[in-house]
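**Q** one predicted model, sequence on top.
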Amino acid sequence: MTRGWLLALGAFGSIGLLLGAFAFEYLAGMAPCPLCIWQRWPHVAAALAGLGAWLVPALIWPLAGAGAMLVSAGLAGYHTGIERGWWAGPDSCGAGGSLSGMSGAELLGTDGPSGVVLCDEVAWEMLGLSMASWNGLASLGLALVWIAAMRPARRP
């Protein structure tokens with residue numbers, strides 16, 4: 001596979017994963033947790049690296065794409081560990097928090113967010129793996145694609 005095809009595969013792979021995440025959110029009504037949102041940003045960076053590689057061919061773009069995918073895989077692994085109870089997540093991801101500063105109307109109100117997903121709850125799984133786990137595997141695969149794109153082109 002040529003370097004150009006590898007760069008396109010890396011960029012469009014991340015775009016596909018982002019579209020999948022948005023489909024789960026907006027079509028299936030599954031609100032993302034904070035860590036789910038964090039996992040999207042490296043895919044945005046990889047898509048932009050693909051655009052950069054298309055505009056200005058340079059080694060920095062596949063390096064940036066691979067780095068972004070490794071960050072995504074790391075975040076996904078961290079999220080998977082929280083879902084499986086291996087470690088605690090950040091305070092912004094839990095059901096904890098204090099209700100002491102809220103009024104009675106705020107406590108009983110229905111204006112709050114609906115469909116909120118906590119980071120330690122698996123909202124969807126396939127073959128025993130959560131969305132975070134699948135994102136981690138896909139991100140590692142895309143990192144390999146970006147790394148392959150770093151190799152110099154072979155001369156015939």
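**A** In hand now; what should we look at?

**Q** just to be sure, residue 138 is in a strand?
**A** No. Read with DSSP: H, G, I helix; E, B strand; the rest coil, residue 138 is helix and lies in no strand.

**Q** look at the residue nearest to it when sequence neighbours are not counted and report its pLDDT.
**A** Of all residues not flanking residue 138 in the chain, residue 17 sits nearest, at 5.9 Å (Cβ to Cβ, 6 or more residues apart in numbering). C-beta here means a position set from N, CA and C on the backbone, and glycine is covered the same way. Looking at residue 17, its pLDDT is 93.

**Q** give me the element residue 17 is part of.
**A** Residue 17 belongs to helix 3-22 when assigned by DSSP states H and E.

**Q** packing partners of the helix or strand following that helix?
**A** Downstream of helix 3-22, the first helix or strand assigned by DSSP H and E is helix 34-55. The helices and strands touching helix 34-55, judged by 3 or more Cβ pairs under 8 Å, 6 or more residues apart in numbering; DSSP states H and E, are helix 3-22, helix 60-83, helix 131-150.

**Q** at 6 Å what do you get?
**A** helix 3-22, helix 60-83 (3 or more Cβ pairs under 6 Å, 6 or more residues apart in numbering; DSSP states H and E).

**Q** other residues contacting it?
**A** Helix 34-55 is contacted from outside by 7, 11, 14-15, 17-18, 21, 61, 64-65, 68-69, 71-72, 75-76, 79, 92-93, 119, 135, using Cβ atoms under 6 Å, 6 or more residues apart in numbering.
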